[in-house]
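**Q** kindly return the folded structure for what I paste below:
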Amino acid sequence: MGLVQVQENGFLMNPHTSILPEIIATLNGISFILLVAGRFAIKAGRQALHRTLMLLAVLSSTFFLVFYLMHHYQVGSVPYPYHNWTRILYFVILIPHVILAAFILPFIVIALKHAFKKQLDKHRRVVRWLYPTWLYVSFTGLVVYVMLYQL
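**A** Sure, this is the predicted structure:
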């Protein structure tokens, strides 16, 4: 089966020649690094640094979402091109990634709300499970990118 192509402004768009997947993956990687750095900062008692790093992680993730939606608006769904054992692995990674990515967004907002209101006990209760889930989503986003565009 051929590549997905969409006609826009008289040009055919190919998801494998667009720069958006690289931007999306980069933003995902930046989010992952900022999340890890933010965790180290709070464990070291550096609350101001933690706040800055986590806000940057939210900003990076927000830009990720904007570019992700732009990309999929332009090219639609990008099918996994291989029909071997990696296809099963791809979907084993992709399905929980997509479900968790959609699920965590409101909880990120809730965690931010509690943090801004200085309700730190409530903030900690939310991020106790949100943090590893957000890390998982960021990391598996990178894996999905590599499997879809770099294999």
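
**Q** tell me the SS of Ser77?
**A** Put simply, Ser77 is coil when judged by DSSP: H, G, I helix; E, B strand; the rest coil.

**Q** and the gap between it and Val127?
**A** Separation of Ser77 from Val127 (C-beta to C-beta, to the nearest Å): 32 Å. C-beta coordinates here come from the backbone N, C-alpha and C atoms, glycine included.

**Q** repeat for Ile19
**A** 33 Å.

**Q** so for the two, which residue has more residues nearby?
**A** Counted by other C-beta atoms under 10 Å, Ile19 and Val127 do not tie: Val127 has more neighbours, with 22 against 9.

**Q** which helices and strands does whatever helix or strand that one lives in pack with?
**A** For Val127, the host element (DSSP states H and E) is helix 120-149. In this structure, helix 120-149 packs against helix 20-43, helix 85-116, with contacts taken as 3 or more C-beta pairs under 8 Å, 6 or more residues apart in numbering; DSSP states H and E.

**Q** out of these, nearest to Val66?
**A** Among these, the nearest to Val66 by C-beta to C-beta is helix 20-43 (9.2 Å).

**Q** that closest one to helix 120-149, inter-axis angle?
**A** Relative orientation of helix 20-43 and helix 120-149, computed by axes from the mean of the first three to the mean of the last three C-alpha atoms, to 10 degrees: 150 degrees.
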